[in-house]
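Novice: how would this look folded up:
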Amino acid sequence: MKSIDTLDHSIFQNVNDKYDNTGNYIMSLRSFKKTKSKAWLTRMILANKIGYILHDLNGNNERKSLSTDTARQAFLTSFLGYIEQLSIIYDDDNWDIGIYKADLPNMDCEYNGKYFLYVIIRFESFVIRNSQGINRTLKDVFVTFELKVTYVDDGKMILRPSVPHGFRTSIAQDEWNSGYVHSHLDFFSANDNHFTKLQRVIHTSKFCIGNDDIEDLIALLGNSYDPYLFASFLSTIITLVTWESLEGKPHRHMRNITSRVITNNGIRVPSMNVNVITSSYEYIFNTEHNFFRNIEFRLNENHYGIHFNKLAIKGIKDTLIDAEDYNFLVKKVAGKYICYRSETNSVNDNGFNNHYTIFNGNKIFLKMYNKTNSLTTQTEDINDYSVYPNFLNKLKDDLEKQFYNFSTSTSIIEKRNQSIHS
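Specialist: Residues are numbered from 1 along each chain as shown. Predicted coordinates for the structure are as follows:
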């Protein structure tokens, strides 16, 4: 049994979780939208059930208790004033007040057992754009922030918002494939395992706000209580969410979202064991192709090494293609030497239906949309990179050894180099 504790900014619950009395109480509050009620907030704050976060000049955060009636009244006035602005800027269905409890067993501190509040704003469906004219419809992006106290004195309390965090409850398949949550939210790698990807989506991460207006507004709100300035902050969040700032160097660009999952890059060849390598070398050496005329010797620190120029590589490539037993070292389709890339649109959405968040009294489950299931193979012309590189390197090393065994001095090598190119 566990309590709900979002000190780590985990907003989602799991359907398999079992909660203790505190957890059940919080679930009940969220389900019946009690936390948005001014009457409930007033009662809880004045009863010293709510704690706050003190944000000092050095940027440190310390959780505190509203230990006096004066402090509780001051916090209530400031908090409700800002909540009033929320209801003006956003429709009632698009914002909520979240709550979690500092449930710290065996710890004796003033805020242990207090409840803490945070704001949640939902952008259910919207278009995000950038200065290059690229746009995309995103669904269910949530923004969260806490209201931290920066000043307490004689019945006055200044609250400022924290840097906004975000998470998703709906994600398109191509966004999932590309590791895209939002242009300015932390991303995951397409190569991450399923569990890691899932955690990236259901845990909030901090928005990258750069040096934008929102940073200035947060700083100004830390100096004075100003509901209208807070309204500007709320409006700026809309810009943050709906605009991909290319100047701010997005975590993930919309232009890079792809439905493809590349599962294998490079030329696909079987593992080359000793017998395959040896026999392919013997075949190369016993051919009548004249690509050996295009091999160059280059001096580097009193050591001669072999260099394959383009003509030499083409000769090796043609020789391998002509050999039925060794043409796997180069793939040839429709006259082109290609690299196979296996790409799949199939997706694993296991576990999505196990995770949900409560917003405005409703359970919103994590889901994926625009799902397709297909397997495609894409080819690329790679004429300049057509022979399996490990084979070329091993061939080069073996040729160097053979020529050095044949040559007994530097002068012989130089004479041979000259005769080859005469």
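
Novice: List of residues touching stretch 131-139?
Specialist: By C-beta atoms under 8 Å, 6 or more residues apart in numbering, the residues outside stretch 131-139 that reach it are 123-129, 168, 170-172, 182, 244, 246, 254-255, 257, 369. Using the backbone N, CA and C atoms, a C-beta is placed for each residue, glycine as well.

Novice: quick one: buried residues of it?
Specialist: By 16 or more other C-beta atoms under 10 Å, the buried positions in stretch 131-139 come out as 136, 138, 139.

Novice: so the second one sits in a helix?
Specialist: No - counting by DSSP: H, G, I helix; E, B strand; the rest coil, residue 138 falls outside a helix, being strand.

Novice: Start from the N-terminal end of the stretch 101-250 of the chain and give the strands.
Specialist: 115-129, 135-145, 147-153, 156-161, 165-168, 170-172, 205-206 (DSSP state E, counting those that start in this stretch).

Novice: Columns distance to residue 41 and mean pLDDT on top of those, output as TSV?
Specialist: Output for the strands of the stretch 101-250 of the chain, formatted as TSV (distance: least, C-beta to C-beta, whole Å; pLDDT from 0 to 100):
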stretch	distance to residue 41	mean pLDDT
strand 115-129	8	95
strand 135-145	17	95
strand 147-153	12	85
strand 156-161	14	90
strand 165-168	22	92
strand 170-172	29	91
strand 205-206	26	88
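
Novice: looking at the ones you listed, which is closest to residue 240?
Specialist: strand 135-145 (7.9 Å; C-beta to C-beta).

Novice: Which positions in the host helix or strand of residue 86 come out as buried?
Specialist: Secondary structure assignment for residue 86, by DSSP states H and E: helix 69-89. Of all the residues in helix 69-89, those buried under the rule 16+ other C-beta under 10 Å are 71-76, 78-79, 82-83, 85-86, 89.

Novice: cool, and stretch 223-243?
Specialist: 225, 226, 230, 231, 232, 233, 234, 236, 237, 240, 241, 243.

Novice: okay, and the helix or strand of this structure with the least pLDDT?
Specialist: strand 336-344 (a mean of 39; mean pLDDT, DSSP states H and E).

Novice: with the buried residues of helix 69-89 in mind, which one is nearest to residue 298?
Specialist: Nearest to residue 298 among the buried residues of helix 69-89, with distances taken as C-beta to C-beta, is residue 89, at 69.1 Å.

Novice: With adjacent residues omitted, what lies nearest to that closest one?
Specialist: In space, and not counting its chain neighbours, residue 89 is closest to residue 234: 4.3 Å by C-beta to C-beta, 6 or more residues apart in numbering.

Novice: what's near enough to touch that neighbour?
Specialist: Contacts of residue 234 (C-beta under 8 Å, 6+ apart): 85, 86, 89, 90, 121.

Novice: will you turn those residues into CSV that also has distance to residue 315?
Specialist: CSV is the format used below for those (distance: C-beta to C-beta, whole Å):
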residue, distance to residue 315
85, 75
86, 73
89, 71
90, 69
121, 65
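
Novice: so which of those would you say is closest to residue 221?
Specialist: For the contacts of residue 234, the nearest to residue 221 is residue 85 (11.3 Å; C-beta to C-beta).

Novice: doesn't residue 231 make contact with that closest one?
Specialist: Yes - applying C-beta atoms under 8 Å as the test, residue 85 and residue 231 come out as touching, 4.5 Å apart.

Novice: Out of the buried residues of stretch 131-139, which is nearest to residue 187?
Specialist: Distances from residue 187 to the buried residues of stretch 131-139, taken by C-beta to C-beta, are shortest for residue 138, at 13.9 Å.

Novice: what pairs with the closest one across the strands?
Specialist: Residues in a beta bridge with residue 138, per DSSP bridges, are residue 126.

Novice: do the same with residue 95
Specialist: residue 121.

Novice: Count the residues that sit near it.
Specialist: Counted by other C-beta atoms under 10 Å, the residues lying close to residue 95 total 20.

Novice: Run through the residues that contact it.
Specialist: 86, 87, 119, 120, 121, 122.

Novice: Mind doing that once more with 10 Å?
Specialist: Neighbouring residues of residue 95 by C-beta atoms under 10 Å, 6 or more residues apart in numbering: 36, 83, 86-87, 89, 119-122, 143, 234, 359-360.

Novice: Residue 74 now?
Specialist: 66, 68, 149, 151-159, 225.

Novice: Not counting sequence-adjacent ones, nearest residue to it?
Specialist: Distance criterion C-beta to C-beta, 6+ apart; nearest residue to residue 74, sequence neighbours excluded, is residue 157 at 3.8 Å.

Novice: Pull out the buried positions in stretch 167-176.
Specialist: 167, 168, 169, 170, 171, 172, 173, 174, 175, 176.

Novice: how long is that stretch end to end?
Specialist: 13 Å (C-alpha to C-alpha, to the nearest Å).

Novice: swap in stretch 241-257?
Specialist: Span of stretch 241-257 from end to end, C-alpha to C-alpha: 17 Å.

Novice: for stretch 198-210, same thing?
Specialist: 26 Å.

Novice: Flag every buried residue along it.
Specialist: Quick answer for stretch 198-210 (16+ other C-beta under 10 Å): 198, 200, 201, 202, 203, 204, 205, 207, 208, 209.

Novice: just those now: which is nearest residue 400?
Specialist: Nearest member of those to residue 400, counting by C-beta to C-beta, is residue 200, at 48.0 Å.

Novice: The closest one: what's it in contact with?
Specialist: By C-beta under 10 Å, 6+ apart, the neighbours of residue 200 are 167, 168, 179, 181, 185, 186, 187, 188, 189, 192.

Novice: Pull out the buried residues from those.
Specialist: Using 16+ other C-beta under 10 Å, the buried members of the contacts of residue 200 are 167, 168, 179, 181, 185, 186, 187, 188.

Novice: quick one: which of the buried residues of stretch 167-176 is nearest to residue 312?
Specialist: The nearest one, if we look at the buried residues of stretch 167-176 relative to residue 312 and count by C-beta to C-beta, is residue 174, at 42.5 Å.

Novice: Report whether the expected contact of that closest one with residue 252 is present.
Specialist: No - look at residue 174 against residue 252 with C-beta atoms under 10 Å: they stay out of range, at 11.9 Å.
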